[in-house]
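# A structural model of the following input is requested.
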Amino acid sequence: MSEEAEANEQARPELFVISDGTGETAAASVRAAMSQFPTRWRLRTFGEVRRASQIRRVLDAAVEAGALVVFTLVHEPHAEVLRREAAKRDVPVLDLLGPLIQATSRHFALEPQHRPGTLHAFTDEYFKRVEAVEFAVRHDDGANLHTLHQADIVLTGVSRTSKTPLSMYLAQRGFKTGNVPLVLQIDPPQQLLEVDPRKVFGLVVDVATLLGIRKERLRQLQAPPRTAYADPDGVADELRKARRLFRARGWRSVDITGRAVEENASRILELYERP
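Here you go, the predicted model:
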């Protein structure tokens, strides 16, 4: 990595999420907030934090990273430890749930439980999400095609069209999702062609955007920039052939250009849930 690239990497804003549950609530809020900023950033989630010693270790790491700490500690003594230790270290912190819980308690004269993990208790829905995530991991990038037919949703498209991030996001929503890459000059696998077409979604993106993503990928790999992988004519041809395949197979197409993963997932689910 060049000195300039390394400096850019180190300059990325970094956010830590600390939770005494899974951290999903705070992580989703952080992603929503950071989508408003046109910059690359990092998120690290620390779940099941229920001891003062854990809080101190995470805050020490936050000092080193120059991170903003967002927390959802519903056990007030632990939240107080975090505020006190963060103040000692001059680490900026944001309490996502505390003010809302307090306002709700005052307004409705209710006493909160202050019990960690109640949002993501071990319900049938929780286990459904776990199963879906495990399925997505096993069926990432064309793996385990022999069980692809068990998927709720199958994503396909040329290289670097966000198949994996979308698969994982949909899995977090409880949908068993597989993804299969389309490779130039290689026929799509038969198992993909045999999946119910109502389950299959073809991902496309405009040529300029895909070129930029692929060139950045080559830069990260320190590979030569002038390859067929990032050739404008070749990329345009790949996308044309992908669109032609989607039409021929009756697969619904989703253009991911300029949209966040959450937006593209919402579009896919909207199409998926249509009768």
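# Would you state the helices of this structure in chain order?
With DSSP state H as the criterion, the chain has helices at 3-10, 24-34, 52-65, 76-89, 98-108, 124-138, 163-172, 190-193, 207-221, 232-249, 261-272.
# okay, those helices, which one's buried deepest?
Each of the helices of the chain was scored by mean neighbour count; the highest is helix 163-172, a mean of 22, by mean count of other C-beta atoms under 10 Å. In this view, the C-beta of every residue, glycine as well, is placed from N, C-alpha and C.
# got the contact list for that one?
Under the criterion C-beta atoms under 8 Å, 6 or more residues apart in numbering, residues 24, 129, 132-133, 135-136, 139-141, 153, 155-157, 177-181, 203, 256, 261-262, 264-265, 268-269 lie in contact with helix 163-172.
# can you give me the angle it makes with helix 261-272?
70 degrees (axes from the mean of the first three to the mean of the last three C-alpha atoms, to 10 degrees).
# quick check: angle from helix 163-172 to helix 124-138?
Using the same axes, to 10 degrees: helix 163-172 against helix 124-138 is 160 degrees.
# Break this structure into its domains for me.
Per automatic domain parsing, the structural domains of the chain span 3-108, 124-272.
# Could you tell me the least trusted of these?
Lowest mean pLDDT within the domains of the chain: domain 3-108, at a mean of 88.
# for residue 204, what are its contacts?
By C-beta under 8 Å, 6+ apart, the residues touching residue 204 are 157, 161, 239, 242, 243, 246, 253, 254, 255, 256, 257.
# Quick check: closest non-adjacent residue to the fifth one.
Spelled out, it's residue 243. residue 204 (6.2 Å; C-beta to C-beta, 6 or more residues apart in numbering).
# how much space between that neighbour and residue 193?
With distances taken as C-beta to C-beta, to the nearest Å, residue 204 is found 19 Å from residue 193.
# repeat for residue 258
Computed as C-beta to C-beta, the residue 258 to residue 193 distance reads 30 Å.
# One more: residue 43?
37 Å.
# And for residue 107?
Separation of residue 107 from residue 193 (C-beta to C-beta) stands at 57 Å.
# For beta bridges, what are the partners of residue 17?
residue 45, residue 70 (DSSP bridges).
# and it, how many residues sit next to it?
The local packing of residue 17 (other C-beta atoms under 10 Å) involves 27 other residues.
# what sits against it?
Residue 17 neighbours (C-beta under 8 Å, 6+ apart): 23, 26, 27, 30, 43, 44, 45, 46, 69, 70, 71, 72.
# Counting neighbours, what do you get for the fifth one?
Think residue 43. Around residue 43 there are 17 residues (other C-beta under 10 Å).
# Tally up the residues packed near the residue lying closest to it once chain neighbours are set aside, please.
Using C-beta to C-beta, 6+ apart and skipping the chain neighbours, the partner closest in space to residue 43 is residue 15 (5.2 Å). For residue 15, the neighbour count with other C-beta under 10 Å is 22.
# My read is that residue 15 contacts residue 39, right?
No - the criterion here is C-beta atoms under 8 Å, and residue 15 misses it with residue 39 at 11.9 Å.
# so who does residue 142 touch?
Shown in contact with residue 142 (C-beta under 8 Å, 6+ apart): 179, 180, 181, 189.
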